[in-house]
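>>> Provided below are the primary sequence and the corresponding predicted coordinates.
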Amino acid sequence: MAPSERCACAGLLCLALVLAGCGSSHARFESYMARGKAYFAAGNLDKASVEFRNALQIEPRSDDAFYFNGRVAERRGNLREAVDFYQAALDARQTDIRARASLAKVFVLGGSTQRALEVLSPGLLDHPDDPDLLAARAAANHQLKDDFEARADAERAVRLAPTNENAISVLAALALRAGDTARAVSLVTEAVTRAPDSIELRGILASV
C-alpha cells in the first residue's frame, strides 16, 4: 500500500472512531434523559436529579438537560436554582418555549411579576397560541389582580390544552377569589379526570 493510501486509511479510521465515540456519548445522554424523565414522572426527584445531571455532564449545552434539571429544582421548591437552569436552557436555545414559560412561572412564584412578563413577551410574539406561555401570562396578570386578562389567557390556554395545570390553577384561583369554591373544585376535578397521572393537578386539587 502506498504511503498516501496508508495515510488516507488512517484518517478514515480516526474519523470512524471519533464518530463512534460521539454516537456512544449521545446514546448515553439519551439513556440518562429517558431514565430521568421516568423517575420525574413517578415523583422520584432524587433519582431524576442524578440522571439529568449525568446527562448534562455529557452534553453541557443541552437545553433539554438544563430544562429538566430546572423542573426538578422547581418541584423541590428551590426557585433560585430553577431560575438558573431555565435561564441556561434559554441561553442554549432561545426558541425553547418550555424553558421560557417555566422561567416566567418561577418569576411569578417569586413575586417578580414584571420580569415574568418581560420574559414572556418575545415568546408570545412568535407563538401567540402556545398554552404554556399563555398560562404563565395568566398567572402574572392574576398576581397583578388583572382578573380580566388573567381569565382570558387562562381560558384560551385551557381550550388549547385542557389539562394545562398552570392555566387550571389560575382559573381555580379566580373562582376561589369570587367565592365559588364549587366551580374551582369542578375545574380541577375535570382536569384530573383527563390526566389522572398528573402530580401537579393532584396537588392543585388537594389545595382547593
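Noted; the coordinates are in hand. Numbers count the residues shown, from 1 in each chain.
>>> tell me the SS of the closest residue in space to Ala195 that isn't next to it in sequence?
In space, not counting the residues next to it along the chain, Ala195 is nearest to Thr163; the distance is 4.1 Å by CB to CB, 6 or more residues apart in numbering. Yep, even glycine has a C-beta here, placed from its N, CA and C like the rest. Three-state call for Thr163 (DSSP: H, G, I helix; E, B strand; the rest coil): coil.
>>> and Thr163, what does it touch?
By CB atoms under 8 Å, 6 or more residues apart in numbering, Thr163 lies in contact with 191, 194-195, 198, 201.
>>> among these, who's most crowded?
Ala191 (26 neighbours; other CB atoms under 10 Å).
>>> report the central residue of this protein.
Arg98 (4.4 Å; CA atoms, centre = their mean).
>>> what about that one, helix or strand, and which?
helix 97-109 (DSSP states H and E).
>>> kindly export that helix (C-alpha atoms) in CSV.
Extracted in CSV, the C-alpha atoms of helix 97-109 (Å, rounded to 0.1, in the frame of the first residue of the first chain):
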residue,chain,number,x,y,z
ILE,A,97,-40.7,27.7,24.7
ARG,A,98,-40.9,25.3,27.7
ALA,A,99,-37.9,27.0,29.4
ARG,A,100,-39.3,30.5,28.7
ALA,A,101,-42.7,29.6,30.1
SER,A,102,-41.2,27.9,33.1
LEU,A,103,-38.8,30.7,33.8
ALA,A,104,-41.7,33.2,33.8
LYS,A,105,-43.7,30.9,36.1
VAL,A,106,-40.9,30.8,38.6
PHE,A,107,-40.6,34.6,38.5
VAL,A,108,-44.3,34.8,39.2
LEU,A,109,-43.9,32.4,42.2
